[in-house]
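Engineer: build the 3D model from these lines:
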Amino acid sequence: MNYPSTIKNLIECFKKLPGIGEKTAERLALSTLQMDDDILKLFSTTLEDIKIKISRCKKCNNLCEGELCEICKNKNRDNKTLCIVEDPKNVIVLEKVGTYNGLYHVLNGLISPLDGINPEDINITSLIDRIENEEIKEIILALKPSIEGETTSLYISKLLENKNIKVTKIAHGVPIGVDMEYIDTLTLEMALEDRVSIS
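Structural biologist: Purely as a prediction, here's the structure:
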């Protein structure tokens, strides 16, 4: 059966979202027909608002409404510790853990010469500006364990060598409850390199 063009257009819109294929897009489009008018109106307004109201925090580059994000505005945060992450999704993940109380800096990418992404293409300059203008005592590198993540971590740590700042990175290693035979070699290599003393 051929759908009317309005439904076809909505299916095509849903397919543009990551992880949404033809069947899921079709199911989502048809389910909107069952929604109350108020819900559809909220859906429509929210989609418009996301482009108009959401911007990047002037300080840390996180997503926000206004000049500063809620984390940068929070006076109860530890403003001497800065956690460096690749993108705003990483901020959300770390905040859900609930144990970190410092500030963030979102790089908006990782150094990847093969993809044409160099240090000047991500937010490293603004990071150095923050370190020079704020009383940062520790930098935590919370970047993914990949060649790009390691390259970016190494680059930043080299830049900060003479800045009298403690530079740490989150540990990568063997997840709890996983059999050793199912762990990939990169994870095992990092677990061995990042081993800690227990006595």
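
Engineer: for this protein, which spans come out with low pLDDT?
Structural biologist: Using pLDDT under 70 as the threshold, the predicted model of the chain has low-confidence ranges 1, 180, 196-199.

Engineer: longest helix in the chain, by residue count?
Structural biologist: Among all segments of the chain classified by DSSP state H, the helix with the greatest residue count is helix 37-53.

Engineer: now stretch 65-83: buried residues?
Structural biologist: When burial is assessed from 16 or more other C-beta atoms under 10 Å, stretch 65-83 yields the following buried residues: 69, 71-72, 77, 81-83. No exception for glycine: its C-beta is placed from N, CA and C like everyone else's.

Engineer: need the residues that contact that stretch.
Structural biologist: The set of residues external to stretch 65-83 that reach it, using C-beta atoms under 8 Å, 6 or more residues apart in numbering, is 53-55, 57-60, 62-64, 91, 94-95, 100-105, 127, 130-131, 134-140, 142.

Engineer: again, only this time at 7 Å
Structural biologist: 53-54, 57-60, 62-63, 94, 100-105, 134-140, 142 (C-beta atoms under 7 Å, 6 or more residues apart in numbering).

Engineer: narrow these to those that are buried.
Structural biologist: When neighbours are counted using 16+ other C-beta under 10 Å, the contacts of stretch 65-83 contain these buried positions: 57, 59-60, 62-63, 94, 100, 102-105, 136, 139-140, 142.
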